[in-house]
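Engineer: Model the structure of this input:
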Amino acid sequence: MTNPEANPKTHVCADGGLPGPWAEREGGAPVEIITARAVPLGGPRAMNVRRTLPQRQRSLIGAWCFLDHYGPDEVTATGGMDVAPHPHTGLQTLSWLFEGTIAHIDSGGHSAHVLPGEMNLMTAGAGICHSETSTPGTERLHGVQLWIALPEEARHRPERRFENFVPDPVEFDGGSALVFLGSLLGSRSPVRTHTPLVGAEIGLEPGRTLDLSVDPGFEHGLLVDTGEAVTLEGVHVPKDAVGYTGVDNRTLRIANGGDGPARLVFLGGAPFTEEVLMWWNFLGRSMEEIRRYRQEWQDHGERFGRVEGYVGHGGPGRNREGMDRLPAPELPPVRIRPRKNPPPHARFQD
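Structural biologist: Down below sits the predicted model:
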């Protein structure tokens, strides 16, 4: 998925800044609440996404640097997803659906359908471009789109990889989980990551509690997709928000105090210590890199390759706005600099 904002704001991994909301249960880990902001994806009938990463208060959780949460959307009302070919550098995109189907085509020669319960991971490396379109048979679209920052030793590689993994459900007392990256609840994903990470969908039945064993070297985030009374370490995490806990925890308590089932996305990873600059769809380390990536995309450079076979909602090779590829926005008139993410601990509100 692309960042569709015509004038994207600059988000840096900044050391410091305004702290976010917080609370903690007695004896539990502090929890920082990261609320979402609405971003329209597309044109006049735009499908709105709810973005929790990056934010001013926190730009990354481990190497997870982007989290868009969307739906459930009635495709007949919103027009669905129709993202024309667009570029990426220095990152991986991970698609995870709850409902619907998305057609993916990239310049690495990969074409696939993204289906519910199946992880699709695309590695950009030095550069890739791809398109994403909800299929004609899709009536409701609902899921998350995640980006993972690549470390220095991996971000310049010319490879354009695409991987699909279907995790088996892991049953536990009170629910089940699908572990798509890393290791959790005794389940391990075979998909290789460039930094230590974990990612899973967790379903928790009404009135049940899960004491989840976690890696103490990881920071974690819990996104609430469904569930009005979900708590993390005794702290209420509102629907569509992320509850963040820092490092040095071996167990995290997740509870569903509501009358219906809760669906959650659990993410974590070792703190990403490299300085990162993210602008539009590019992840780099300096303004000079971002400027170069943008110009190469505008010039149809070979860094990104070509998407063959894109059929948008406007017909073969066109999206509903008539574009065959997304142009890059104008760069901001000020110089942007990379900074480090805040320390890996929940921050308290003054």
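Engineer: Give the bridge partners for Ala177, please.
Structural biologist: Taking DSSP bridges, one obtains Val170, Ile202 as the residues bridged to Ala177.
Engineer: list the contacts for it?
Structural biologist: When contacts are counted by C-beta atoms under 8 Å, 6 or more residues apart in numbering, Ala177 touches Pro169, Val170, Leu184, Leu185, Ser187, Ala200, Glu201, Ile202, Gly203, Phe266. C-beta here means a position set from N, CA and C on the backbone, and glycine is covered the same way.
Engineer: ok, the second one touching Arg188?
Structural biologist: Put plainly, it is Val170. No - Val170 is beyond contact range of Arg188, at 10.3 Å (criterion: C-beta atoms under 8 Å).
Engineer: gap between Pro40 and Arg157?
Structural biologist: 33 Å (C-beta to C-beta, to the nearest Å).
Engineer: on that earlier part again, between the contacts of Ala177, which sits nearest Ala126?
Structural biologist: Of all the contacts of Ala177, Ala200 has the smallest distance to Ala126: 29.6 Å, by C-beta to C-beta.
Engineer: What's the local residue count around that closest one?
Structural biologist: Residues near Ala200, counting by other C-beta atoms under 10 Å, number 24.
Engineer: returning to that earlier point: could the contacts of Ala177 be laid out in CSV, adding distance to Gln298 and pLDDT?
Structural biologist: Listed next are these as CSV, based on distance: C-beta to C-beta, whole Å; pLDDT from 0 to 100:
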residue, distance to Gln298, pLDDT
Pro169, 45, 98
Val170, 46, 98
Leu184, 42, 98
Leu185, 46, 98
Ser187, 44, 98
Ala200, 38, 98
Glu201, 38, 98
Ile202, 42, 98
Gly203, 44, 98
Phe266, 38, 99
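Engineer: For Gly27, state which of those residues is nearest.
Structural biologist: Phe266 (21.3 Å).
Engineer: got the contact list for the closest one?
Structural biologist: Ala177, Leu184, Val198, Gly199, Ala200, Glu201, Ile202, Leu212, His220, Gly221, Leu222, Leu223 are the contacts of Phe266 under C-beta under 8 Å, 6+ apart.
Engineer: Can you mark which positions in the lengthiest helix in the chain are buried?
Structural biologist: Using DSSP state H to define each element, the chain has its longest helix at helix 287-298. Residues of helix 287-298 classed as buried under the neighbour-count rule (16 or more other C-beta atoms under 10 Å) are Met287, Glu289, Ile290, Arg292, Tyr293, Arg294, Glu296, Trp297.
Engineer: Restricting to C-alpha, output it in CSV.
Structural biologist: In CSV, the C-alpha atoms belonging to helix 287-298 read as follows (Å, rounded to 0.1, in the frame of the first residue of the first chain):
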residue,chain,number,x,y,z
MET,A,287,17.4,14.0,2.5
GLU,A,288,19.8,13.5,-0.4
GLU,A,289,18.7,9.8,-0.7
ILE,A,290,15.0,10.7,-0.6
ARG,A,291,15.5,13.4,-3.2
ARG,A,292,17.3,10.9,-5.5
TYR,A,293,14.7,8.2,-5.1
ARG,A,294,11.9,10.7,-5.9
GLN,A,295,13.6,11.9,-9.0
GLU,A,296,14.3,8.4,-10.2
TRP,A,297,10.7,7.5,-9.8
GLN,A,298,9.5,10.6,-11.7
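Engineer: What residues does Met323 make contact with?
Structural biologist: Ala84.
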